[in-house]
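>>> I would like to see how this sequence folds:
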Amino acid sequence: MSNGHAVVIGGSISGLTAACALSESFERVTVVERDRLPDGPGHRKGVPQARQLHVVLPLGVRVLDSLFPGFERELREAGCPVFDEVRDTPWFGAQGWRARSASDVYLFGFSRPLFEHLLRERVRATGNVQIVEGMVDGLRAAEGGERVSGVEFSGSTAAGIEADLVVDASGRGSKAPRWLEQLGYERPAEQHVRAHFGYASRLVKVPEGAMPDGLDGLITMPFPGHSKGGLILPADNGRHTLCCIGAAKDYPPGDEEGFYEYLRQAPSPLLAEIAKQCEPDTEIATYHHPGNQLRLWSRLARRPRRFIPIGDAVASFNPIYGQGMTVAALEALKLRDRIASLDGNLDPLADEFQADLTAAVEFPYGMATQADSAYPETEYVDAEPAPAEALQFFATVEQVATEDPEVARDILRATGWFDAELLASPTLVAKAQAWAASGKTVRNNDPAQVPPVTPAPQQEVLS
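Next comes the predicted model:
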């Protein structure tokens, strides 16, 4: 370990995974977190979305297990169940029910506080990582502003912290663009695609017999023309997350009567039927999110050395697609590998890591903004809607998925593993073209009847 001291701004998922990645190549890593962190799996002010549903995609679980060996086992031991997203949690959208079949698209059920606590304990157990409470007020610079040399710090220990590398994992509201201006650099341009989703969630206990046989949950998505949706999915320790989801500013309410009335207006009546039998375990919490935000750090003509933005400070996603945690973990893994490839020379890192950030963000951000482009109410700031032909193609793919379990599985395999090639495979394209040419209509469109599990051809497990 010859790289000295690294500072990470922010102790959320992105900051924790970055700290783990840096601990392998730095003598010391300091994580600066503005919140007072709970000793156990508790809520904190800096994560207003913590009471909502959270998902780590299959790719994210694999990456986290690489960064934190044995982490998947720890999730299981902490009471987090595993379920098959294709088979066990039927999905109803604009085209009807997706076909169900056994798959390798496995998700963990958990609550955000428990998940973050497990990561935080793993980081704390790393001998060369320290988490300190305080607020970063700016960047320190050396060599006439050409190199970041630490952070200005408001806390109990010092007025500033010197560092050989600073990683900004402070989230969507990062102050880094302003800090760079203060050092004489341009701010990165930003793109926004705002579909204005809102969420209202609570943890519940599902009594025996309340869920239809063979199901672990149910997903009834909002879609253009039907802005109210909801879902129920496994959480941890015998609980489920019951969630209302509203698009285009159709925000779900936080009162008891309004919450359950909103569920009754979801696309499938099955969700409300399940919900009325559940025993509440927490109060209802609401959360509004404007939409996708991308800071174009890669397009800056010049940037200071030894400074890296990461996580939501680069790309923030509409939470409905469950991509954020996986992207954060993937970026941390790429940061670890990029630093290792530089053999102790950190000066090229800020430039060379931009390609890694682009690779980590491009597919999930494109999928999120394309899906949100389907809503006519979506707002764009320095961004364009997805092409109409792309929206039509994926609408057709969803139609095929109502009767073809292999296509239904491929959709979730592609989004779960960030596999762009799978969505453009000759087989899938041919099926979509044949469907469009046939003039078929969707068959699995009875919202009150979940389709049975059907066999699908065996596929090689992604690795």
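>>> Residue 419 is in contact with residue 425, isn't it?
No: contact status for residue 419 versus residue 425: not in contact, 9.4 Å apart, counting by Cβ atoms under 8 Å. C-beta coordinates here come from the backbone N, C-alpha and C atoms, glycine included.
>>> more neighbours, those two?
Of the pair residue 419 and residue 425, residue 419 is the one with more neighbours under other Cβ atoms under 10 Å, namely 16 against 13.
>>> Run through the residues that contact the residue lying closest to residue 50 once chain neighbours are set aside.
Closest residue in space to residue 50, ignoring its immediate chain neighbours: residue 112 at 4.4 Å, by Cβ to Cβ, 6 or more residues apart in numbering. Residues counted as contacts of residue 112 (Cβ atoms under 8 Å, 6 or more residues apart in numbering) are 47, 49, 50, 51, 52, 54.
>>> For the fifth one, give its distance to residue 104.
Relative to residue 104, residue 52 is positioned 27 Å away (criterion: Cβ to Cβ, to the nearest Å).
>>> Of these two, give the one with the bigger neighbour count.
The neighbour comparison of residue 52 against residue 104 (other Cβ under 10 Å) goes to residue 52, with 22 against 18.
>>> How far away from the center of its chain is the helix ranked longest in the chain?
Longest helix in the chain by number of residues (criterion: DSSP state H): helix 349-373. How far helix 349-373 lies from its chain's middle: 13 Å, per Cα atoms, centre = their mean, to the nearest Å.
>>> Same question for it: list its buried residues.
Buried residues in helix 349-373, counting neighbours by 16 or more other Cβ atoms under 10 Å, are found at 349-350, 353-354, 356-357, 360-361, 363-365, 367-373.
>>> and if you look at stretch 272-289?
272, 274, 275, 278, 281, 284, 285, 286, 287, 289.
>>> I figured the last one hits residue 317, correct?
Going back to what we said before, that points to residue 289. No: assessed by Cβ under 8 Å, residue 289 is found out of contact with residue 317, at 9.1 Å.
>>> Tell me which residues touch the closest residue to residue 183 other than its chain neighbours, please.
Leaving aside its sequence neighbours, residue 183 sits nearest to residue 145 (Cβ to Cβ, 6+ apart; 4.6 Å). Residue 145 makes contact with 183, 184, 185, 304 under the criterion Cβ under 8 Å, 6+ apart.
>>> and residue 145, how far is that from residue 297?
17 Å.
>>> again with residue 171
15 Å.
>>> How far does the helix or strand harbouring residue 199 sit from its chain's centre?
Remark: residue 199 resides in strand 197-205, with elements defined by DSSP states H and E. Remark: strand 197-205 is offset 17 Å from the chain centroid, using Cα atoms, centre = their mean.
>>> Likewise for stretch 343-361?
Worked out by Cα atoms, centre = their mean, stretch 343-361 lies 22 Å from the chain centre.
>>> May I have that stretch as CSV, with CA atoms only?
C-alpha atoms of stretch 343-361 as CSV (Å, rounded to 0.1, in the frame of the first residue of the first chain):
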residue,chain,number,x,y,z
ASP,A,343,1.0,1.1,-10.3
GLY,A,344,1.1,3.9,-7.7
ASN,A,345,0.9,6.9,-10.1
LEU,A,346,-2.4,8.6,-9.1
ASP,A,347,-1.9,11.7,-11.4
PRO,A,348,-3.6,10.1,-14.5
LEU,A,349,-6.5,8.7,-12.4
ALA,A,350,-9.0,11.6,-12.7
ASP,A,351,-8.8,11.5,-16.5
GLU,A,352,-8.6,7.7,-17.0
PHE,A,353,-11.4,6.9,-14.6
GLN,A,354,-13.9,8.9,-16.8
ALA,A,355,-14.1,6.0,-19.2
ASP,A,356,-14.9,3.6,-16.4
LEU,A,357,-17.6,5.9,-15.1
THR,A,358,-19.1,6.1,-18.6
ALA,A,359,-19.1,2.3,-18.9
ALA,A,360,-20.8,1.9,-15.6
VAL,A,361,-23.5,4.5,-16.2
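>>> Contacts for the helix or strand encompassing residue 60 next, please.
Secondary structure from DSSP H and E places residue 60 in helix 58-67. Contact with helix 58-67 is made by 17, 20-21, 56, 71-72, 104-108, 119, 325-326, 329-330, 332-333, 336, 416-418, 462, as judged by Cβ under 8 Å, 6+ apart.
>>> Return the set of buried residues in it.
So, applying 16+ other Cβ under 10 Å, buried residues of helix 58-67: 58, 59, 60, 61, 62, 63, 64, 65, 67.
>>> Could you check the angle it makes with helix 349-373?
Orientation of helix 58-67 against helix 349-373 (axes from the mean of the first three to the mean of the last three Cα atoms, to 10 degrees) gives an angle of 150 degrees.
>>> Show me what the next helix or strand after helix 58-67 packs onto, helices and strands only.
Stepping forward along the backbone from helix 58-67, the first helix or strand reached (DSSP H and E) is helix 71-77. Where contact means 3 or more Cβ pairs under 8 Å, 6 or more residues apart in numbering; DSSP states H and E, helix 71-77 is packed against helix 58-67, helix 112-124.
>>> could you redo the last one with a cut-off of 10 Å?
Counting by 3 or more Cβ pairs under 10 Å, 6 or more residues apart in numbering; DSSP states H and E, the packing neighbours recorded for helix 71-77 are helix 58-67, strand 82-84, strand 106-108, helix 112-124.
>>> right, and the ones you listed - which one's nearest residue 34?
For the helices and strands packed on helix 71-77, distance to residue 34 was read as Cβ to Cβ. The smallest value, 14.8 Å, belongs to helix 112-124.
>>> which of the residues in the closest one are buried?
Residues of helix 112-124 classed as buried: 112, 113, 114, 115, 116, 117, 118, 119, 120, 122, 123 (neighbour count, 16+ other Cβ under 10 Å).
>>> Send me it as PDB with only the CA atoms.
Only the C-alpha atoms of helix 112-124 are listed here, as PDB (Å, rounded to 0.1, in the frame of the first residue of the first chain):
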ATOM      1  CA  ARG A 112     -32.300  -0.100   3.400                       C
ATOM      2  CA  PRO A 113     -31.200   0.400   7.100                       C
ATOM      3  CA  LEU A 114     -30.300  -3.200   7.500                       C
ATOM      4  CA  PHE A 115     -28.400  -3.400   4.200                       C
ATOM      5  CA  GLU A 116     -26.400  -0.200   4.900                       C
ATOM      6  CA  HIS A 117     -25.700  -1.400   8.400                       C
ATOM      7  CA  LEU A 118     -24.200  -4.600   7.100                       C
ATOM      8  CA  LEU A 119     -22.000  -2.700   4.700                       C
ATOM      9  CA  ARG A 120     -21.000  -0.200   7.300                       C
ATOM     10  CA  GLU A 121     -19.900  -2.900   9.700                       C
ATOM     11  CA  ARG A 122     -17.800  -4.500   7.000                       C
ATOM     12  CA  VAL A 123     -16.100  -1.200   6.300                       C
ATOM     13  CA  ARG A 124     -15.500  -0.500  10.000                       C
END
